[in-house]
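Asker: just the structure for this:
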Amino acid sequence: MANSLKICLEFSGGAELLFDMVKKQDVSLPENSQPWTIKSLLVWIKDNLLKERPELFVQGDTVRPGILVLINDVDWELMGELEYQLEENDRIVFISTLHGG
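Answerer: All right, here's what the predicted structure looks like:
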């Protein structure tokens, strides 16, 4: 496996509030003994990028209900959800549909 895996992460719909208002981040994931999946990416995001209130982004080992996930502009439900294996230059978008009232 390559030394790192370069992907693009985007946060919108309010999700960016949990990431210091950063809407787009190009990241290089470190070499991993197992292929990178959305599941392992969520752990990495929580440990390395999430700045506050993780309970508003993750729930258990997945995203919280109300967060839409797109993989290269396709609903993650069509791509295998947590088990999707990340590839070089993938674009993963997290869109929050959770809004106060």
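Asker: following the lowest-mean-pLDDT helix or strand in the chain, which helix or strand comes up?
Answerer: Least confident helix or strand, the chain: strand 58-59 with a mean of 94, by mean pLDDT, DSSP states H and E. Downstream of strand 58-59, the next assigned helix or strand under DSSP states H and E is strand 62-63.
Asker: output the contacting helices and strands for the next helix-or-strand element following that next one.
Answerer: Using DSSP H and E, the helix or strand that follows strand 62-63 in sequence is strand 67-71. Packing contacts for strand 67-71, counted by 3 or more Cβ pairs under 8 Å, 6 or more residues apart in numbering; DSSP states H and E, involve strand 91-96. (Glycine included, C-beta is placed from N, CA and C.)
Asker: need the contact partners of the least confident helix or strand of the chain.
Answerer: With Cβ atoms under 8 Å, 6 or more residues apart in numbering as the test, strand 58-59 has contacts from Leu42, Lys46, Leu50, Arg64, Pro65.
Asker: also stretch 69-84?
Answerer: 37-39, 42, 61-63, 68, 90-95.
Asker: avg pLDDT for it?
Answerer: What stretch 69-84 shows for mean pLDDT is 97.
Asker: so where's the protein shaky on pLDDT?
Answerer: 1-2, 99-101 (pLDDT under 70).
Asker: need the max-distance pair from the contacts of stretch 69-84.
Answerer: Spanning the widest gap among the contacts of stretch 69-84 are Asp61 and Arg91, at 22.0 Å by Cβ to Cβ.
Asker: Leu5 belongs to a strand, doesn't it?
Answerer: Yes: under DSSP: H, G, I helix; E, B strand; the rest coil, Leu5 sits within a strand.
Asker: and for the residue nearest to it when sequence neighbours are not counted, the neighbour number?
Answerer: Of all residues not flanking Leu5 in the chain, Leu29 sits nearest, at 4.4 Å (Cβ to Cβ, 6 or more residues apart in numbering). Counted with other Cβ atoms under 10 Å, the neighbours of Leu29 add up to 16.
Asker: list the buried residues in whichever strand or helix holds Asp47.
Answerer: If you go by DSSP H and E, Asp47 is part of helix 38-48. Under the neighbour-count criterion of 16 or more other Cβ atoms under 10 Å, helix 38-48 has Ile38, Ser40, Leu41, Leu42, Ile45 buried.
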